[in-house]
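Peer 1: Provided below are the primary sequence and the corresponding predicted coordinates.
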Protein chains: 2
Amino acid sequence: MRNFADRLVTRIAELNNPTVMGLDPKLEYIPKSIIDKALLMYPDDVEVATAEAIWMFNQALIDATYDIVPAIKPQEAFYEFYGIEALKVLDRTVKYAQEKGMLVIVDCKRNDIGNTAAAYSEGILGSTEIIDGSTVSMIGADCATVNGYLGIDGVKPFTDVCSRDGKGIFVLVRTSNPSAGDLQDLELKDGRKVYEAMASLVNTWGNEVVGEEGFSSVGAVVGATWPEQAVEIRKLMPNNLILVPGYGAQGAGPDAAVASFTKDGRGSIVNASRSLMCAWKKREDLSPDDFARATRDEAIDMRTKLNNALKERKYV
Amino acid sequence: MRNFADRLVTRIAELNNPTVMGLDPKLEYIPKSIIDKALLMYPDDVEVATAEAIWMFNQALIDATYDIVPAIKPQEAFYEFYGIEALKVLDRTVKYAQEKGMLVIVDCKRNDIGNTAAAYSEGILGSTEIIDGSTVSMIGADCATVNGYLGIDGVKPFTDVCSRDGKGIFVLVRTSNPSAGDLQDLELKDGRKVYEAMASLVNTWGNEVVGEEGFSSVGAVVGATWPEQAVEIRKLMPNNLILVPGYGAQGAGPDAAVASFTKDGRGSIVNASRSLMCAWKKREDLSPDDFARATRDEAIDMRTKLNNALKERKYV
């Protein structure tokens, strides 16, 4: 498979849209008509009905956006939260989005060492050898998020799969949450912050997976809620992909969301979850049954806002 | 449910054994007779056969040790690696071990923020509300491992479940792997190392979940491979439980493994995975079919070695 960074950067350019749609399927995000339909289909098994509701919701959102949004980011926590049947829907969602031409970034923030990290990377991105020696692709995502606290031992098994199979990872550098600084902002003896040291590590780790477009498939998570820091982080990792959470419902606007893009407006992708998935809740002019239409409208609006912000950069 | 730290410390004292048995079911750890039996049971579905082999192996190891070992630590990566059917076996293993009186620490190193962290903590330790409003326990483990890189936002949802349901977490402080120091050993401006700052954060986070035995259910992972550091870390977190990986196959001996115990020999638990699960591979006097007996013998030997090391402390 072609290098992940090349695939992502190319698809962003084709659609002129640096957006990834988060799919964090909390039941309260799903319109009642979908829930009712799922319960009618599986009246005797609420766990299966729950999973089916998530599936119908995801499928409709993918159908409504695959021609304008380059990637989805399912949040693994919510599939795990709703149990085995929902985890099957994660798998189904990954494969469905890929069939539609979308790239899939599974947000799972995995971290471990040695053969355990290899089990995660092969399970989520690569392939698994089972009992009869046959090989199966369990999740088969294009990319995963990773926590780098354990150092290169925990990252190398992922970068190996990135090199071998054209996959990618985003390592947490500066997260978007209020308490991100508890550890990440601590000042080191050499004057850097902890997150800057992590940025430099990620840049080094990514050197072996640089694609033809000039970006490494080993990227970083840098929250939109800290735009000044995002500008500095881009200097430390000029050729790493950056995944930007925190846009929309978490508070950051388009100017802050594009702070980490390169000078020529590439190399980063902005995530929106709630603002896209729950767009229907703000639309008094539409029925909740038109939730997918509302998501598409919101995605188009977000695309316009990001592209406008890229034309007149506020944080550089 | 009673405070997790109280439950763990009490069970360690009852069995006079501060050991947790890691259950990381790689297929090459499982004797061929078990694999063959599983394939005979499910000749048409190798994924189900793979999961059944893991189940039979886990069950036999639990049966062989529950009266001498207080806890198990299934490594989630390997269940995920072998797919949905293996994840069902994780659930089955958790419940079976609990029925036998063992505490279950799911090693999953989860980390995220806000309602996503809540989804992880409720999914692994707590309960999930599904489509019809009913509540189910998905994994229902007693304890999980957590990565604290995102700060208190990522930990609070777990400590809330710890307080409410008598559950526990172990936050990564100093891991056992060779590259642990890439980030964890960086020196801060104030003279501390990054892992020491993390230790102090964990100590603070744990204050609200201290049990009657004087220990907090918010514990730390501190690798046995760095005994001098473990002694210093115990000073920073005098009342936190400590989970000690790195014993046995990863290279640390009993003296190093007990370095983080309190002066009265409590508060820590030492993990062994490969050395217990694969004990049968070193036993020329036993048939591979007696693998569970080999694990029991090894667990008894480990108990003796740890208790001897606690009598004559080398690292204090």
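Peer 2: Perfect, thanks for sending it. Numbering: from 1, shown residues only, chains lettered A, B, ... in the order given.

Peer 1: Show me where the stretch 151-300 of chain A has its helices.
Peer 2: A:152-165, A:181-184, A:194-205, A:227-236, A:254-257, A:274-277, A:291-311 (DSSP state H, counting those that start in this stretch).

Peer 1: Can I get the fifth one in CSV, CA atoms only?
Peer 2: The C-alpha trace of helix A:254-257 is given here as CSV (Å, rounded to 0.1, in the frame of the first residue of the first chain):
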residue,chain,number,x,y,z
PRO,A,254,-10.9,27.9,12.4
ASP,A,255,-8.0,30.4,12.9
ALA,A,256,-6.7,28.4,15.8
ALA,A,257,-7.4,25.1,14.0
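
Peer 1: buried stuff in stretch A:306-316?
Peer 2: Buried residues in stretch A:306-316, defined by neighbour count with 16 or more other CB atoms under 10 Å in any protein chain shown: A:306, A:309-310, A:315. All C-beta spots, glycine's among them, are computed from the backbone N, C-alpha and C.

Peer 1: Count the neighbours of the residue of the stretch 201-316 of chain A at minimum distance from chain B for me.
Peer 2: Among all residues of the stretch 201-316 of chain A, A:Leu201 sits closest to chain B, at 6.1 Å; criterion: CB to the nearest CB. Residues lying near A:Leu201 (other CB atoms under 10 Å in any protein chain shown) number 23.

Peer 1: Now do the same contact list for it.
Peer 2: Applying CB atoms under 8 Å, 6 or more residues apart in numbering or on different chains to A:Leu201 gives the contacts A:148, A:151-152, B:182-183.

Peer 1: Pull the most distant pair out of those.
Peer 2: Using CB to CB, the contacts of A:Leu201 span at most 9.8 Å, a distance reached by A:Ile152 and B:Leu183.

Peer 1: Out of the helices and strands in chain A, which is least certain?
Peer 2: strand A:135-136 (a mean of 88; mean pLDDT, DSSP states H and E).

Peer 1: residue ranges for the strands of chain A, please.
Peer 2: A:19-23, A:71-74, A:103-110, A:128-129, A:135-136, A:143-146, A:168-174, A:216-222, A:240-244, A:268-272 (DSSP state E).

Peer 1: What lies in contact with the second one?
Peer 2: Right, the one you point to is strand A:71-74. With CB under 8 Å, 6+ apart, strand A:71-74 has contacts from A:8, A:11, A:19-24, A:58, A:62, A:90, A:93-94, A:97, A:102-107, A:142, A:243, A:269, A:271, A:273.

Peer 1: switch to 6 Å and redo it
Peer 2: Here strand A:71-74 makes contact (CB atoms under 6 Å, 6 or more residues apart in numbering or on different chains) with A:20-23, A:90, A:93, A:97, A:102-107, A:271.

Peer 1: ok, it: who's next to it in the sheet?
Peer 2: In the sheet, strand A:71-74 lines up against strand A:19-23 (parallel), strand A:103-110 (parallel) (DSSP bridges).

Peer 1: Same check on the fourth one?
Peer 2: Strand pairing for strand A:128-129, determined by DSSP bridges: strand A:135-136 (antiparallel).

Peer 1: same question, the last one
Peer 2: Each strand paired with strand A:268-272, and its direction, by DSSP bridges: strand A:19-23 (parallel), strand A:240-244 (parallel).

Peer 1: give me every residue that touches A:Leu186.
Peer 2: Contacts of A:Leu186 (CB under 6 Å, 6+ apart): A:194, B:188, B:197.

Peer 1: Nearest spatial neighbour of it, chain-adjacent residues omitted?
Peer 2: Ranked by CB to CB, 6 or more residues apart in numbering or on different chains and with sequence neighbours excluded, the top spatial neighbour of A:Leu186 is A:Val194, at 4.9 Å.

Peer 1: got it, and A:Asn16?
Peer 2: Spatial nearest neighbour of A:Asn16, excluding adjacent residues (CB to CB, 6+ apart): A:Asn307 at 6.8 Å.

Peer 1: Next one: that neighbour from A:Leu243, what distance?
Peer 2: A:Asn307 is 18 Å from A:Leu243, where distance means CB to CB, to the nearest Å.

Peer 1: what does A:Asp190 give?
Peer 2: To A:Leu243, A:Asp190 is 27 Å away according to CB to CB.

Peer 1: about what we covered before: just the buried ones among the contacts of A:Leu186, please.
Peer 2: By 16+ other CB under 10 Å, the contacts of A:Leu186 give A:194, B:197 as buried.

Peer 1: from the contacts of A:Leu186, which is closest to A:Glu122?
Peer 2: A:Val194 (29.6 Å).

Peer 1: Can you name the residues that contact A:Leu39?
Peer 2: A:Ala49.

Peer 1: 10 Å instead?
Peer 2: A:45-46, A:49-50, A:52-53, B:131-132 (CB atoms under 10 Å, 6 or more residues apart in numbering or on different chains).

Peer 1: repeat for A:Arg92
Peer 2: Counting by CB under 10 Å, 6+ apart, A:Arg92 has contacts A:51, A:54-55, A:58-59.

Peer 1: State the distance from the closest residue to A:Lys189 other than its chain neighbours to A:Lys32.
Peer 2: The shortest distance from A:Lys189 to any non-neighbouring residue, by CB to CB, 6+ apart, is to B:Glu187 (4.4 Å). Applying CB to CB, the value for B:Glu187 to A:Lys32 is 55 Å.

Peer 1: Assess the claim that A:Ser287 and A:Trp280 are in contact.
Peer 2: Yes: at 8.6 Å, A:Ser287 counts as touching A:Trp280 under the criterion of CB atoms under 10 Å.
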